[in-house]
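1. show me the folded form of this:
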Amino acid sequence: MKEVQEYLNNNKERFLEELLDFLRIPSVSADPAFNHDVAKTAEFVKDKLIAAGAENVEVCPTKGHPIVYGDKIIDPSLPTVLVYGHYDVQPPDPLDLWESGPFEPVIKKTETHPQGAIYARGACDDKGQAYMHIKAFEGMLATQNLPCNIKFMIEGEEEVGSYHLGDFCRANKERLACDVILVSDTSIIANDVPSITTGLRGLSYIEVEVTGANRDLHSGVYGGAVANPINVLSKMIASLHDENNHITIPGFYDDVEVVSKEERTAMNEAPFNLNHYKKDLDIDDIHGEKGFTTVERTSIRPTLDCNGIWGGYIGEGAKTVLPSKAFAKISMRLVPHQNSDKITALFQKHFESIAPDSVRVVVKPHHGGEAAVTPTNTPEYLAAHKAMEATFGKAPIPARSGGSIPIVALFEEVLEVKTVLMGFGLDSDAIHSPNERFGLFNYYKGIETIPYFYKYYAELKK
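-> Residues are numbered from 1 along each chain as shown. Here you go, the predicted model:
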């Protein structure tokens, strides 16, 4: 491992410059206006895999954005690790809240990143973390210290639900055959508190449309006599939680996993400072389901949130209208045993039932995915544990994440293997928000740690 680490240290500046080039390409998968940039990014990943020494590298077309595949099979009798990541990013809006251009990466020092952090869309989610794997692979191969076979599958649709990944996996099951899938798209508790994600929440994402009259109406002539879709939609959304912030959809909690008192106690022993949490977010108090701590609310409890709401006139000055339509996007984070299709159906039935006769409601399901829990007693998990312990100098804490990576359940279903979630970001890195960032410490620590995973995995699988 000494040769690998020396190679990685000697090439740190180049690794950083390459990542900055990667981040400059606006690979926004949700907006067709960026389709050319998404395709350009896939080619970037392909070129870097080839330069690192991967073989059989190609940009694989799908009905949407392409998937980049590459591999290095050194000995079929050795274990095979499939690295998954994504090169697409969230839209950068709202642009006016960025301190610097979302696709013009800059490095700034912060309280949580005293060594500096890269500010750019995709820095942490997931370009920076995916690129760690390519550079770690380069170092292992260049020094002839690759102890396992490795395959890469880097997709371009994760931020829009991985619509075509399932079809690709089913069509390429033999090509993707492996012993474990390694993903870095999660976080650690803190730079001095390493952790490994052992659970993810599922997701149901929905758009709703509320229609009143057949056109926008003069609020002086019709106000008070005709329903205002924005008012109605606001009341409908507000009714989805009760006074204890409990979700009111009938049947919503029927399949929620009941976590034992012992596990909840252990979960709350992880380092968490409520005052720092509030200070980081600039809030005076927290908010959530009664009877659960912040750690529990963001990991083992399901949620329902309005992610966007619009309608009517929002331009300069005043325009006194009753809008014809109002819209909202709503997401529900789900926990183990909840099924995304079932929850989507329950939401649709309930939302339509609470609509007054004065409006018409259309519920449009977008995408979803299932929750996942990974065991902590497997060679795969233990290899990640030993790797982090080797580079951080302390044992990582197993932790459940509040986020969703639906492909984890997909991989287990289609490829029949478990996933190790060994991420290196921080929850405070503002992923999906303006001023997303990724610490230089975290980027380099990931590149340093990944080769140890391969070393210990090969040893534990013998």
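2. from here on, contacts and neighbour counts on C-alpha atoms
-> Will do.
3. state the distance from the closest residue to Pro434 other than its chain neighbours to Glu436.
-> Nearest residue to Pro434, sequence neighbours excluded (Cα to Cα, 6 or more residues apart in numbering): Trp98, at 5.1 Å. Distance, Trp98 to Glu436, by Cα to Cα, to the nearest Å: 9 Å.
4. who's more crowded, these two?
-> Glu436 (22 against 17; other Cα atoms under 10 Å).
5. ok, that one touching Lys127?
-> No: counting by Cα atoms under 8 Å, Glu436 stays clear of Lys127, with 11.7 Å between them.
6. got the domain boundaries for the chain?
-> 2-200+371-461, 203-256+302-369 (automatic domain parsing).
7. next, the distance between the ends of the first one.
-> Looking back up the chat, that one is domain 2-200+371-461. 22 Å.
8. run the chain-centre distance for that domain.
-> Here domain 2-200+371-461 is found 11 Å from its chain centre; the criterion is Cα atoms, centre = their mean, to the nearest Å.
9. low-confidence ranges in the stretch 51-200 of the chain?
-> Applying pLDDT under 70 to the stretch 51-200 of the chain flags no residue at all.
10. where do the helices sit along it?
-> 127-142, 165-171 (DSSP state H, counting those that start in this stretch).
11. so for Pro302, which of the ones you listed sits nearest?
-> Among these, helix 165-171 comes nearest to Pro302, with 24.7 Å by Cα to Cα.
12. relative to Met132, how far out is the closest residue to His65 other than its chain neighbours?
-> Nearest non-adjacent residue to His65, counting by Cα to Cα, 6+ apart: Gly156, 5.4 Å away. Going from Gly156 to Met132 by Cα to Cα gives 17 Å.
13. who has more neighbours, the two?
-> Neighbours were counted for Gly156 and for Met132 using other Cα under 10 Å; Gly156 has more, 28 against 24.
14. next up, the contacts around the more buried one.
-> 29, 38, 42, 65-67, 86-88, 162 (Cα atoms under 8 Å, 6 or more residues apart in numbering).
15. looking at those residues, which is nearest Gln338?
-> Nearest to Gln338 among the contacts of Gly156, with distances taken as Cα to Cα, is Ser162, at 19.8 Å.
16. give me every residue that touches the closest one.
-> Ser162 neighbours (Cα under 8 Å, 6+ apart): 155-156, 407.
17. neighbours of Val417, how many?
-> Using other Cα under 10 Å, Val417 has 16 other residues around it.
18. ok, now the one 3 residues further on?
-> The local packing count at Val420 equals 24, with neighbours defined by other Cα under 10 Å.
19. quick check: it is in a strand.
-> Yes: applying DSSP: H, G, I helix; E, B strand; the rest coil, one finds Val420 inside a strand.
20. and the residue lying closest to it once chain neighbours are set aside, how far is that from Val226?
-> Excluding the flanking residues, the one nearest Val420 by Cα to Cα, 6+ apart is Leu182, at 5.0 Å. Here Leu182 is placed at a distance of 55 Å from Val226 (Cα to Cα).
21. neighbour count winner among those two?
-> A direct count of neighbours by other Cα under 10 Å for Leu182 and Val226 places Leu182 higher, at 24 against 15.
22. partner residues bridging that one?
-> In this entry, Leu182 is beta-bridged to Val83, Val420, by DSSP bridges.
23. hang on, it packs against Gly423?
-> No: Leu182 lies out of contact with Gly423 (Cα under 8 Å); the separation is 9.6 Å.
24. Asp280: which of the domains of the chain is closest?
-> domain 2-200+371-461 (7.6 Å).
25. circling back: how far away is the residue nearest to Val420 from Ser353?
-> Leu182 is 43 Å from Ser353, by Cα to Cα.
26. over to Ala318?
-> For Ala318, the distance to Ser353 - Cα to Cα - is 34 Å.
27. settle it for me: which of the two has more neighbours?
-> Ser353 (11 against 8).
28. for the more buried one, what are phi and psi?
-> Dihedral angles phi and psi of Ser353 (degrees, to the nearest 10) take the values phi -70, psi -30.
29. could you shift the numbering so residue one becomes 520, and keep it that way?
-> Sure thing, new numbering starts at 520, so read that last one as Ser872.
30. got the contact list for it?
-> Going by Cα under 8 Å, 6+ apart, the list of residues near Ser872 is empty.
31. Pro884 should be in a helix, yeah?
-> No: counting by three-state DSSP, Pro884 is not part of a helix but strand.
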